[in-house]
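Asks: Any chance you could fold what I've pasted below:
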Amino acid sequence: MKGLNTFTVTSSDNGTVREAFALEPAGAEARGVVQILHGMAEHKNRYLEFASFLASAGYVVVAHDHRGHGVSEPEESRTGFFAPQGGWNAVVDDVFQVRAWITVMYPQLPVYLFGHSMGSFVARSCMLRDAGAYAGYILCGTASHPGLSGYVGRFLARVLSAGRGGRTRSPFLSSMASAGFNRQFVPTRTRYDWLTRDEAEVDAYIDDPACGFVPCRAFFRDMSGGLIEVNTRSRLRAVQDAVPVLLISGGSDPVGDTGAGVEKVARLLREYTPCDITVRIFPGDRHELVKELDRTEVFRTVAAWLGSQGHWGNRPTRTSQ
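Replies: Below you'll find the predicted structure:
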């Protein structure tokens, strides 16, 4: 099935069908698979340019839309709602459902997990559950422990999500989550200048009806809990597989505390896991590296790291859960 193909994955808990795509290299034997996890309030199709580059380098690229996200999701339910309870684990389950599909379709290829922003938090939760399920991890635009504000935000989100309130959109929690992101870029042109220096990409994000929506209360409950979990030392100590991890971030990314937060995550992983950690900070870049002015350099960095890991079955990925 050379080229771009779409398929669906059924969630194991409630039968929800998620839309996904697989992009195969044209006219060449694949070297590996890269599974992409998108960030909050966006969708998988925004990664097609990046996916095309990786495919030209010999990789199959697979991506799916998270629950409550995506162009196929009706606007009224495009709120980031994961599940009434245990939403974060449900999202992680979905990732492994896609991983199982990859195992069937490409059983001999090493599989790498790429996660951006919220997707990087989900990828890190996958590491906590079963790091060896992937041959390596690429964490793009990730964040360190949110500290006291994270606990306060999670508490408020839990209270507001009680009863039937979880599905209600929350401009208040949304504002809390991104408070100050634009501050270092004053004077600003839009509310989303912090995403990238490429104004055309910022405008495309604003014009995309499947991007920038206000998530629901339960979304913030689940995501704040997930971010706290992946930065917890006691959880990291449980990681037994010495998998390679590449952390990439913009030097002006407020989510990664202009690189300082990403370095903090790297230190945490080095100290509490056996993983092999590599960090690359791109000076001047903002949050969305795959949409930045120098994104070709970002693409090449990722491809070079993948190429250094061994292919053609030299680094088989454990496929049993």
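Asks: State the mean pLDDT of the longest helix along the chain.
Replies: Longest helix of the chain, by residue count under DSSP state H: helix 87-105. What helix 87-105 shows for mean pLDDT is 95.
Asks: Name the residues of that helix that are buried.
Replies: Buried residues in helix 87-105, defined by neighbour count with 16 or more other Cβ atoms under 10 Å: 87-92, 94-95, 97-99, 101-103, 105. Just so you know, the C-beta spots here come from the backbone N, C-alpha and C atoms, and that holds for glycine as well.
Asks: ok, the residues you listed vs residue 137, which is closest?
Replies: residue 95 (11.7 Å; Cβ to Cβ).
Asks: Tell me if I'm right that that closest one and residue 37 touch.
Replies: Yes: look at residue 95 against residue 37 with Cβ atoms under 8 Å: they come within range, at 6.5 Å.
Asks: In this model residue 60 seems to touch residue 51, though I could be wrong.
Replies: No: contact criterion Cβ under 8 Å: residue 51 and residue 60 do not qualify, at 9.4 Å.
Asks: which residues do these two both contact?
Replies: Here residue 51 and residue 60 share the contacting residues 23, 34, scored by Cβ atoms under 8 Å, 6 or more residues apart in numbering.
Asks: From the contact counts, what lies against the longest helix of the chain?
Replies: If you count contacts as 3 or more Cβ pairs under 8 Å, 6 or more residues apart in numbering; DSSP states H and E, helix 87-105 packs onto strand 3-10, strand 17-24, strand 32-37, strand 59-64, strand 111-116, helix 118-130, helix 217-230.
Asks: In JSON lines: the ones you listed, plus distance to residue 158 and mean pLDDT.
Replies: Below are these laid out as JSON lines (distance: least, Cβ to Cβ, whole Å; pLDDT from 0 to 100):
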{"stretch": "strand 3-10", "distance to residue 158": "29", "mean pLDDT": "89"}
{"stretch": "strand 17-24", "distance to residue 158": "26", "mean pLDDT": "91"}
{"stretch": "strand 32-37", "distance to residue 158": "24", "mean pLDDT": "97"}
{"stretch": "strand 59-64", "distance to residue 158": "27", "mean pLDDT": "97"}
{"stretch": "strand 111-116", "distance to residue 158": "24", "mean pLDDT": "98"}
{"stretch": "helix 118-130", "distance to residue 158": "18", "mean pLDDT": "98"}
{"stretch": "helix 217-230", "distance to residue 158": "5", "mean pLDDT": "97"}
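Asks: Out of these, which gets nearest to residue 168?
Replies: Minimum separation from residue 168 across the helices and strands packed on helix 87-105 (Cβ to Cβ) falls at helix 217-230, 5.6 Å.
Asks: Residues contacting that closest one, please?
Replies: 40, 68, 79-84, 87-88, 91, 118, 121-122, 124-125, 127-128, 143, 145-146, 150-151, 153-154, 157-158, 160-161, 165-170, 173-174, 176-177, 235.
Asks: Inside helices: which ones of these?
Replies: Using DSSP H, the subset of the contacts of helix 217-230 located in helices is 87-88, 91, 118, 121-122, 124-125, 127-128, 150-151, 153-154, 157-158, 160, 173-174, 176-177, 235.
Asks: Identify the residue spatially nearest to the residue most central in space within the chain, adjacent ones excluded.
Replies: The centroid of the chain falls nearest to residue 119 when counting by Cα atoms, centre = their mean (1.7 Å). The shortest distance from residue 119 to any non-neighbouring residue, by Cβ to Cβ, 6 or more residues apart in numbering, is to residue 37 (3.2 Å).
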